[in-house]
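Chemist: with the input below, show me the fold.
(chains A and B)
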Amino acid sequence: NAGVTQTPKFRILKIGQSMTLQCTQDMNHNYMYWYRQDPGMGLKLIYYSVGAGITDKGEVPNGYNVSRSTTEDFPLRLELAAPSQTSVYFCATGQGVGTEAFFGQGTRLTVV
Amino acid sequence: EDQVTQSPEALRLQEGESSSLNCSYTVSGLRGLFWYRQDPGKGPEFLFTLYSAGEEKEKERLKATLTKKESFLHITAPKPEDSATYLCAVQAQSGGSNYKLTFGKGTLLTVNP
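Modeler: Now for the predicted structure:
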């Protein structure tokens, strides 16, 4: 089992460009999350999904979009990249409330 | 709003020198408190879940405890391989935030040989 797989691991974007961060899980978990982690800050929730076809905003959703067409995949879309989106992005999955989340290895994104 | 405060921000220990990390929290009814370990360039790795005051969990040199206001991660006779950032997170019992984990900023632990 690979667990949670994120691609790419690193990416440099120019201001105004768009990209999609991929996240795939083979744990058959209904809950999936996207977090961003900035230096000296805690992980902040961007978007989450409780199942295929259901998504909702977290704490910091501006500038991002998500979709959840299957249980396994939860891509994060950045439109019109800005320097403020330079961060490390983590995808996570879980079985639901009261249970732990399992994280991928992260995507380090730099917007220049 | 749920809040998690971890202290100290950084801790440097000698190998074998036991200590504790603190996680203070404010949440509208605690469903669970989670401890994670994060190595540089990696995603957080799950360590423990605690659900109610008085509960304790152990794993090798680590022991997590929980009260109504805070949790401690006790590290006994640490080794250099215990060096990492330790993250604490809470999940609320009800309301609009019961789906997510609210994280603290973490404690960077360095264990010198």
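Chemist: excluding its backbone neighbours, what's nearest residue A:13?
Modeler: Among residues not flanking residue A:13 along the chain, residue A:81 sits closest, at 4.5 Å (Cβ to Cβ, 6 or more residues apart in numbering or on different chains). (Glycine included, C-beta is placed from N, CA and C.)
Chemist: ok, which stretches of chain B are strands?
Modeler: For chain B, strands defined by DSSP state E occupy the ranges B:3-7, B:10-14, B:19-26, B:30-38, B:45-50, B:56-59, B:62-66, B:70-75, B:84-92, B:102-103, B:107-112.
Chemist: any chance of JSON lines for these, columns mean neighbour count?
Modeler: Formatted as JSON lines, the strands of chain B follow (neighbours: other Cβ atoms under 10 Å in any protein chain shown):
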{"stretch": "strand B:3-7", "mean neighbour count": "17"}
{"stretch": "strand B:10-14", "mean neighbour count": "14"}
{"stretch": "strand B:19-26", "mean neighbour count": "18"}
{"stretch": "strand B:30-38", "mean neighbour count": "21"}
{"stretch": "strand B:45-50", "mean neighbour count": "18"}
{"stretch": "strand B:56-59", "mean neighbour count": "12"}
{"stretch": "strand B:62-66", "mean neighbour count": "20"}
{"stretch": "strand B:70-75", "mean neighbour count": "20"}
{"stretch": "strand B:84-92", "mean neighbour count": "24"}
{"stretch": "strand B:102-103", "mean neighbour count": "22"}
{"stretch": "strand B:107-112", "mean neighbour count": "17"}
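Chemist: in TSV, list those strands along with mean pLDDT and distance to chain A.
Modeler: Conversion of the strands of chain B to TSV gives the following (pLDDT from 0 to 100; distance: least, Cβ to the nearest Cβ, whole Å):
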stretch	mean pLDDT	distance to chain A
strand B:3-7	96	7
strand B:10-14	98	11
strand B:19-26	97	11
strand B:30-38	95	5
strand B:45-50	96	5
strand B:56-59	96	12
strand B:62-66	98	13
strand B:70-75	98	14
strand B:84-92	95	7
strand B:102-103	92	4
strand B:107-112	98	10
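Chemist: turn those into TSV, columns for distance to residue A:16.
Modeler: Shown next, in TSV, are the strands of chain B (distance: least, Cβ to Cβ, whole Å):
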stretch	distance to residue A:16
strand B:3-7	35
strand B:10-14	37
strand B:19-26	40
strand B:30-38	32
strand B:45-50	36
strand B:56-59	47
strand B:62-66	45
strand B:70-75	43
strand B:84-92	33
strand B:102-103	30
strand B:107-112	35
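Chemist: for residue A:107, which of the ones you listed is the nearest?
Modeler: strand B:30-38 (15.2 Å; Cβ to Cβ).
Chemist: counting by contacts, list what the closest one packs against.
Modeler: If contacts are counted by 3 or more Cβ pairs under 8 Å, 6 or more residues apart in numbering or on different chains; DSSP states H and E, strand B:30-38 sits against strand B:19-26, strand B:45-50, strand B:70-75, strand B:84-92.
Chemist: please enumerate the strands of chain A.
Modeler: Going by DSSP E, chain A shows strands at A:4-7, A:10-13, A:19-25, A:31-37, A:44-51, A:54-57, A:64-66, A:76-78, A:87-94, A:101-103, A:107-111.
Chemist: JSON lines for the ones you listed, including mean pLDDT?
Modeler: Compiled in JSON lines, the strands of chain A are given as follows (pLDDT from 0 to 100):
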{"stretch": "strand A:4-7", "mean pLDDT": "97"}
{"stretch": "strand A:10-13", "mean pLDDT": "97"}
{"stretch": "strand A:19-25", "mean pLDDT": "98"}
{"stretch": "strand A:31-37", "mean pLDDT": "96"}
{"stretch": "strand A:44-51", "mean pLDDT": "94"}
{"stretch": "strand A:54-57", "mean pLDDT": "93"}
{"stretch": "strand A:64-66", "mean pLDDT": "97"}
{"stretch": "strand A:76-78", "mean pLDDT": "97"}
{"stretch": "strand A:87-94", "mean pLDDT": "96"}
{"stretch": "strand A:101-103", "mean pLDDT": "94"}
{"stretch": "strand A:107-111", "mean pLDDT": "97"}
